[in-house]
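**Student:** Sequence and predicted structure, then a few things I'm wondering about:
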Amino acid sequence: MYRPRVIPCLLLQHNGLVKSVQFANHRYIGDPINAVRLFNDLRADELIFLDIRASAENRTIDPALVQKIGDETNMPFTVGGGVRSLKSIELLIKAGAERVCINTYALTHPAFIREAAEEFGSSTIVACIDVKRNWWKKEQVYDHVRGQTTGLTPLEYARQLADNGVGELIVQSVEQDGTMAGYAVDLVQKIATAVEVPVVALGGCGSFQDIRRIVTEGRASAASAGSMFVYHGPRRAVLISFPAQSELQQLLSKA
């Protein structure tokens, strides 16, 4: 029976796993390959790997690491970080990634999404929209490399990406990132009802009920989370976890 996907999102920094809070205070939490093995055993739906330093360092996520992930995983996975050419997408797909996520480069080169979708198919191309409120509390698309909002509204940018043929959108709230205080439901709902491509919600998940709410009220096609699947307890001890398929079916089958 169909249910919305639930996807652990793992952040990479220098080929190690890290966790952030509001895009800052990065904490090393372990080896990515070990995490892949654990999520395999726990039967996670999919995985997302994002290299958070790649764009700033003018490189792509390491294809050799993607190859190692592909050799270990039994599930589909998406990778992103510094992608700015068709050749880099080709290398990452050959290394085993099912989808490639584009973030920073799409902000300045929106036509690249169309080129990539035409070359590799829309289902292969994902775009990530980071959203942060500006000084006037207005939600705007955020450029994490420059550390500033762009002036674009999330809705207009999502429509632009959809018009250019993107296959899926990851919508991430900077303010909610790492807080485990719940998703930005209104933001996700606004975008999910305005575009016809699947929307993956990211940022703020702290409970099963957050997952259910984002796919019911927020209309997300999938719920992604980091902290919920790598931390345990109030002291945030590192412990990889993922709910049983039976739990997810019961939680989401009627969502």
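**Tutor:** Okay, I see it.

**Student:** got the end-to-end distance for stretch 4-24?
**Tutor:** Taking C-alpha to C-alpha, to the nearest Å as the measure, stretch 4-24 stretches 29 Å from start to finish.

**Student:** Could you list the buried residues of that stretch?
**Tutor:** Using 16 or more other C-beta atoms under 10 Å as the test for burial, stretch 4-24 gives 4-13, 17-20, 23. (Glycine included, C-beta is placed from N, CA and C.)

**Student:** what does stretch 103-121 give?
**Tutor:** 103-107, 112-117, 120.

**Student:** just stretch 42-59 next, same as before
**Tutor:** 44-55.

**Student:** pLDDT averaged over it - what is it?
**Tutor:** Stretch 42-59 carries an average pLDDT of 96.

**Student:** same question, stretch 141-152
**Tutor:** So the average pLDDT for stretch 141-152 ends up being 94.

**Student:** Now do that stretch: everything it contacts.
**Tutor:** By C-beta atoms under 8 Å, 6 or more residues apart in numbering, the surrounding residues in contact with stretch 141-152 are 23, 52, 55-56, 103-104, 107, 129-132, 134, 140, 153-154, 157, 174.

**Student:** Let's see the pLDDT reported for the residue most central in space within the chain.
**Tutor:** Central residue of the chain (C-alpha atoms, centre = their mean): I170, 5.2 Å from the mean position. Looking at I170, its pLDDT stands at 98.

**Student:** repeat for the one 10 residues further on
**Tutor:** According to the per-residue confidence, M180 scores 96 in pLDDT.

**Student:** and it, that's in a helix?
**Tutor:** No. Counting by DSSP: H, G, I helix; E, B strand; the rest coil, M180 falls outside a helix, being coil.

**Student:** so the residue nearest to it when sequence neighbours are not counted, which of the three states?
**Tutor:** The spatially closest residue to M180, leaving aside those adjacent along the chain, is G206, at 3.1 Å (C-beta to C-beta, 6 or more residues apart in numbering). Following three-state DSSP, the label given to G206 is coil.
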